[in-house]
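S.K.: Compute the structure for the input listed below.
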Amino acid sequence: MKKPNVLFILSDQHNAKCLGHKGHPDVKTPHLDRLAGQGVRFDNAITQNPICTPSRMCFISGQYAHNHGYYGLSGPNPNGLPTIFGHFRQQGYRTAAIGKIHCPEYWVEDDCDVYHETEPSASIGGRSRAYTRHLRSKDIEHLEDHHALQEFGRRGVQSCDGRPSKVSYRDGQEGWSVTRGIEFMEQAKADGAPFFLHISLPKPHQCYTPAQEFWDLYDEEKLKLPPNADFEGPHRAPHLVKMVERWKKGTGWALLDPKTFEAARLRKLHGYLGNISHVDHAVGELVDFLDANGLGEDTIIVYSADHGDYAAEHGIMEKAPGICHDAITRIPSIWRWEKNFKAGHMAPELVETVDVSATLCSLCDIPALETSDGKNLTPLLKGESEELRDIAVTEFAWSKSIRKGDWRLVYYPPEMFSDEYPDGFGELYNLVDDPWEMNNRYFDEDQQGRIGEMKTDLLNWLVTTTRPVSTNCADLEEGPQRSKRYGVVVNADNKIHPDELRAIDYKNYL
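M.R.: All right, here's what the predicted structure looks like:
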């Protein structure tokens with residue numbers, strides 16, 4: 001049986017509300033809207049971590065952050081931890097990763113037949129030499145403005161101000177990545193090989209510099225701010241309050257005129273929505289290529305994002321402190337496989353980024369990746385209704401966001417804000433009654449039972465999903481993805497899958 005191809009598209013920092021089919025009042029996303037109409041969208045997809053590298057590792061390894069151990073950007077090679085690229089290549093797939101990959105050193109590179117990192121600071125080797133040659137051949141390297149507004153020097157690095165890009169769509173990172181991705185798919189088709197292509201689009205992450213045609217889609221004076229843009233109610237997280245104060249000073253990030261907070265945030269929102277349309281166009285090019293070249297029916301398409309963006313919610317211009325709100329922890333998740341998924345279906349169930357690896361293995365009929373913590377979403381993609389998990393968790397090292405039903409709890413250890421809240425602080429929101437999260441109910445007397453229940457859920461989740469290196473109760477057999485290391489049978493990451501512990505009868509040491 002012929003194996004399906006995989007096109008896994010990841011954008012950086014896409015707020016799940018900012019999609020046309022989600023009813024956003026301004027954003028223009030015709031290609032993503034079409035993709036959602038042709039496939040399945042998960043409206044409650046939760047990221048495992050609110051910043052780039054840890055989240056991408058959860059997608060690519062299928063492991064929770066507390067198992068792979070990365071909570072910050074970049075880092076050393078996670079020796080032994082398999083990637084989905086290497087796993088698929090072992091099963092005969094051509095594999096490629098192109099764009100802003102932003103993972104630990106030499107982790108993804110060695111598992112790909114084709115690898116291009118387009119961001120100069122997101123790989124140990126820097127930007128792909130092929131992309132650098134492209135920019136230099138056109139004498140535009142000094143204009144490339146995803147990482148910085150070059151004309152402002154150091155002040156322009158990772159700016160949240162907005163303006164049209166000085167580089168065309170085709171020469172920017174998205175257009176170049178799409179071009180290289182199409183070349184890779186053409187070669188795999190010519191060779192009769194199934195492919196796994198990961199296109200990682202740097203936008204809509206700042207700098208907020210869409211190509212001119214996407215900037216021109218929006219009239220800044222007509223943009224609608226979110227309902228919570230100026231919210232200053234009680235019981236906001238102390239670090240969020242400080243961040244809002246920093247943004248409202250404006251002088252540290254408003255580079256263009258006028259430099260008022262009100263004007264600058266509209267430019268940021270203008271650029272952010274333009275960036276989303278920029279990404280939408282890239283997605284459209286990739287999908288159109290598949291459909292025009294007879295690959296549409298044979299290719300599983302996944303579109304998602306590593307985390308969200310405040311998009312001017314709560315007075316925040318970027319994503320920090322990302323654990324506080326649904327704007328960051330919930331992400332787009334759209335899947336299409338013609339004639340195999342239920343077209344136009346909206347799945348309301350909770351799903352997580354770790355589920356991507358487990359689901360793709362199942363759909364492509366290859367062995368499950370034993371180092372993955374994810375669940376198989378295939379029943380939901382076929383339109384069935386099934387609760388695969390009770391909670392979904394986004395985690396920083398010292399804080400966790402727990403989504404359960406309509407509710408979202410943020411847990412902080414008492415030491416986190418001991419000065420401001422000596423008795424402890426947390427956040428609790430009902431996302432149906434309060435979708436913009438302006439009513440923190442953590443201190444309500446009638447919600448203490450719910451809070452206790454969700455804290456217990458979090459504790460159980462941490463205990464039952466953690467991968468031990470060894471335990472006296474585990475008695476596993478060696479296999480294709482397991483080896484014996486000094487008397488203990490472990491997976492390639494030198495740990496034991498927590499599911500193996502559930503079936504143990506002898507629990508004296510468990």
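
S.K.: which residue is nearest the centroid of this structure?
M.R.: In the chain, the centroid-proximal residue (CA atoms, centre = their mean) is residue 306; its distance is 1.3 Å.

S.K.: For the residue found closest to it once you drop the neighbours it is linked to in the chain, which residues are in contact?
M.R.: Spatial nearest neighbour of residue 306, chain neighbours left out: residue 55 (4.1 Å); criterion: CB to CB, 6 or more residues apart in numbering. All C-beta atoms are positioned from the backbone trio N, CA, C, and that covers glycine. For residue 55, the contacting residues are 47, 48, 49, 306, 307, 353, by CB atoms under 8 Å, 6 or more residues apart in numbering.

S.K.: How about the secondary structure of residue 189?
M.R.: Under DSSP: H, G, I helix; E, B strand; the rest coil, residue 189 falls in the helix class.

S.K.: host element of the residue nearest to residue 397 when sequence neighbours are not counted?
M.R.: Nearest residue to residue 397 in three dimensions, chain neighbours excluded: residue 71, at 4.5 Å (CB to CB, 6+ apart). When elements are assigned from DSSP states H and E, residue 71 belongs to no helix and no strand.

S.K.: Now do the strand ranked longest in the chain: which elements does it pack against?
M.R.: Longest strand of the chain, by residue count under DSSP state E: strand 195-204. Here strand 195-204 touches strand 5-12, helix 84-90, strand 94-99, helix 173-191, helix 261-292, going by 3 or more CB pairs under 8 Å, 6 or more residues apart in numbering; DSSP states H and E.

S.K.: Out of those, which is closest to residue 495?
M.R.: Nearest of the helices and strands packed on strand 195-204 to residue 495, taken as CB to CB: helix 84-90 at 16.3 Å.

S.K.: Run through who's touching that closest one.
M.R.: Residues contacting helix 84-90 (CB under 8 Å, 6+ apart): 6, 59-62, 95, 97, 108, 110-113, 196, 198, 356-357, 360-361, 364, 366, 369.

S.K.: Mind giving me the ChimeraX select for those, buried ones only?
M.R.: Here is the ChimeraX command that picks out the buried ones among the contacts of helix 84-90, judged by 16 or more other CB atoms under 10 Å:
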select :6,59,60,61,62,95,97,108,111,112,113,196,198,356,357,360,361,364,366,369
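
S.K.: Just the ones of the contacts of helix 84-90 in helices?
M.R.: Among the contacts of helix 84-90, the ones falling in helices (DSSP state H) are 59, 60, 61, 356, 357, 360, 361.

S.K.: Contact partners for the third one?
M.R.: This means residue 61. Residue 61 sits in contact with 68, 78, 81, 82, 83, 84, 357, 371, 372, where contact means CB under 8 Å, 6+ apart.

S.K.: what do you get if the cut-off is 10 Å, keeping everything else the same?
M.R.: Counting by CB atoms under 10 Å, 6 or more residues apart in numbering, residue 61 makes contact with 67-68, 70, 78, 81-84, 87, 103, 107, 354, 357, 369, 371-374, 493.

S.K.: shaky segments in the stretch 251-400 of the chain?
M.R.: Residue ranges of the stretch 251-400 of the chain with pLDDT under 70: 251.

S.K.: Strands along that one, start to end?
M.R.: Ranges of strands in the stretch 251-400 of the chain, per DSSP state E, counting those that start in this stretch, are 299-305, 330-331, 333-336, 345-347, 351-352, 392-396, 399-404.

S.K.: For the protein, which residues score under the pLDDT cut-off?
M.R.: Counting by pLDDT under 70, the chain shows low-confidence ranges at 122, 250-251.

S.K.: let's go with 80 and repeat that
M.R.: Low-confidence segments of the chain, defined by pLDDT under 80: 1, 121-126, 250-252, 472-476, 486-488, 503-510.

S.K.: domains of it?
M.R.: 5-393, 394-451, 467-510 (automatic domain parsing).

S.K.: of all those domains, which lies closest to residue 461?
M.R.: Among those, the nearest to residue 461 by CB to CB is domain 5-393 (6.1 Å).

S.K.: Start and end of the closest one, how far apart?
M.R.: 30 Å (CA to CA, to the nearest Å).

S.K.: Same check on stretch 423-434?
M.R.: Distance between the two ends of stretch 423-434: 25 Å, counting by CA to CA.

S.K.: Name the residues of it that are buried.
M.R.: By neighbour count on 16+ other CB under 10 Å, the buried set for stretch 423-434 is 425, 426, 427, 428, 429, 430, 431, 434.

S.K.: What helix or strand is the last one located in?
M.R.: Spelled out, it's residue 434. In the assignment (DSSP H and E), residue 434 maps to no helix and no strand.

S.K.: any idea how far residue 166 is from it?
M.R.: As defined by CB to CB, to the nearest Å, residue 434 lies at a distance of 41 Å from residue 166.

S.K.: Count the residues that sit near the residue lying closest to residue 209 once chain neighbours are set aside.
M.R.: Distances taken as CB to CB, 6+ apart place residue 165 nearest to residue 209, at 4.1 Å, with adjacent residues excluded. Neighbour count of residue 165, defined by other CB atoms under 10 Å: 26.

S.K.: what does the one 5 residues further on give?
M.R.: Using other CB under 10 Å as the criterion, residue 170 is surrounded by 11 other residues.

S.K.: Now do the contacts for it.
M.R.: Residue 170 sits in contact with 176, 178, 179, 211, where contact means CB under 10 Å, 6+ apart.

S.K.: From residue 470, how far off is it?
M.R.: Residue 170 is 53 Å from residue 470, where distance means CB to CB.

S.K.: can I get the strands of the stretch 251-400 of the chain in CSV with distance to residue 217?
M.R.: Formatted as CSV, those follow (distance: least, CB to CB, whole Å):
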stretch, distance to residue 217
strand 299-305, 20
strand 330-331, 23
strand 333-336, 21
strand 345-347, 26
strand 351-352, 31
strand 392-396, 31
strand 399-404, 32
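
S.K.: can you list those in TSV and add distance to residue 447 and mean neighbour count?
M.R.: What follows is the strands of the stretch 251-400 of the chain, written out as TSV (distance: least, CB to CB, whole Å; neighbours: other CB atoms under 10 Å):
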stretch	distance to residue 447	mean neighbour count
strand 299-305	30	23
strand 330-331	21	26
strand 333-336	29	25
strand 345-347	28	17
strand 351-352	25	26
strand 392-396	19	25
strand 399-404	13	22
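
S.K.: Any idea which of these gets closest to residue 233?
M.R.: strand 399-404 (19.1 Å).

S.K.: same for the closest one, what does it pack against?
M.R.: Other helices and strands packing on strand 399-404, by 3 or more CB pairs under 10 Å, 6 or more residues apart in numbering; DSSP states H and E, are strand 45-46, helix 326-329, strand 392-396, strand 407-411, strand 426-430, helix 448-465.

S.K.: angle of the fourth one against helix 448-465?
M.R.: This points to strand 407-411. 70 degrees (axes from the mean of the first three to the mean of the last three CA atoms, to 10 degrees).

S.K.: can you state the direction angle for strand 407-411 and strand 426-430?
M.R.: For strand 407-411 against strand 426-430, the angle by the same axes, to 10 degrees is 170 degrees.

S.K.: what lines up beside strand 407-411 in the sheet?
M.R.: Here strand 407-411 has these sheet partners by DSSP bridges: strand 399-404 (antiparallel), strand 426-430 (antiparallel).

S.K.: okay if I get those strands as a markdown table plus distance to residue 233?
M.R.: Below are the strands paired with strand 407-411 laid out as a markdown table (distance: least, CB to CB, whole Å):
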| stretch | distance to residue 233 |
| --- | --- |
| strand 399-404 | 19 |
| strand 426-430 | 12 |
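
S.K.: No further questions, thank you.
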